[in-house]
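Visitor: Let me see the structure of the following:
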Amino acid sequence: MSRTMSLVFCVGLLVGGASEVNATPNLIVNGTFAMPAEGTAWSIMTNGGVPGWSSNLNETEIDYQLVVMPSFYLGVPGQSMEADGNSFDQISQTVMGLKAGAKYALSWGYGDRPGSGPQQLDVSFGGAPVKSDLGSGSGVWTSNAFVVTATAGTEILSFAAINIGGAPSVGNEVADVILTQVPEPASMLLLGSGILGLGLLRRRGA
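Guide: Numbers count the residues shown, from 1 in each chain. This next block holds a predicted model:
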């Protein structure tokens, strides 16, 4: 195989592997809470009013972020969900299209709403605890990122507000919930082979 053809082959491996790695879609429905659109306001919706999400108390509050926080999450204008809409609530989504035994990257933004006092938000996936976000009313966004494992084709992702003495109707904002499958080892090996091949060709051509 000529050096040119070898280069083309390695680039193909690299691009093909990278495409597979980057092609994982977000499995969360309405993870940005963009629906329903609130403009620059907020509202509390009953179950069915917020696509993808449901509430134990049949009330999910959707906020334009600057109504409840001093800044946008990651500096990008958007909406968030408040788990303490009227009381300590549990907001959840049944995630479908999973593969039992597969690993998934789960991330979200936690908003510690000013004036909320001590707050706690317990996050779980498939009934297994993932993280307890703690707030004190600082007005700061915190980014979370974890790897979780699916035990079935369908799992429940839950955000539960816990009463630890803070305001029962102010706090625990959630933004940009993302769940994507972690690339299979074979995909990473393919990507690594492409990178290694390009490196060897560069050394030979030096």
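Visitor: ok, how many other residues are close to the nearest residue to Ala34 once chain neighbours are set aside?
Guide: Among residues not flanking Ala34 along the chain, Gln79 sits closest, at 5.8 Å (Cβ to Cβ, 6 or more residues apart in numbering). Just so you know, the C-beta spots here come from the backbone N, C-alpha and C atoms, and that holds for glycine as well. Each residue near Gln79 was counted by other Cβ atoms under 10 Å, and the total is 24.
Visitor: wait, Gln79 sits on Thr32?
Guide: Yes - using Cβ atoms under 8 Å, Gln79 makes contact with Thr32 at a distance of 6.8 Å.
Visitor: Need the overlap of contacts for those two.
Guide: Residues touching both Gln79 and Thr32 by Cβ atoms under 8 Å, 6 or more residues apart in numbering: Ala175.
Visitor: Identify all contacting residues around stretch 140-147.
Guide: Counting by Cβ under 8 Å, 6+ apart, 69, 71, 73-74, 103-112, 123, 130-131, 133, 175, 182 sit against stretch 140-147.
Visitor: Quick one: mean pLDDT for it?
Guide: For stretch 140-147, the mean pLDDT works out to 98.
Visitor: And it, what's buried?
Guide: Across stretch 140-147, burial judged by 16 or more other Cβ atoms under 10 Å covers Trp141, Asn144.
Visitor: And stretch 147-156, by the same measure?
Guide: For stretch 147-156, by 16+ other Cβ under 10 Å, it's Val148, Ala150, Glu155.
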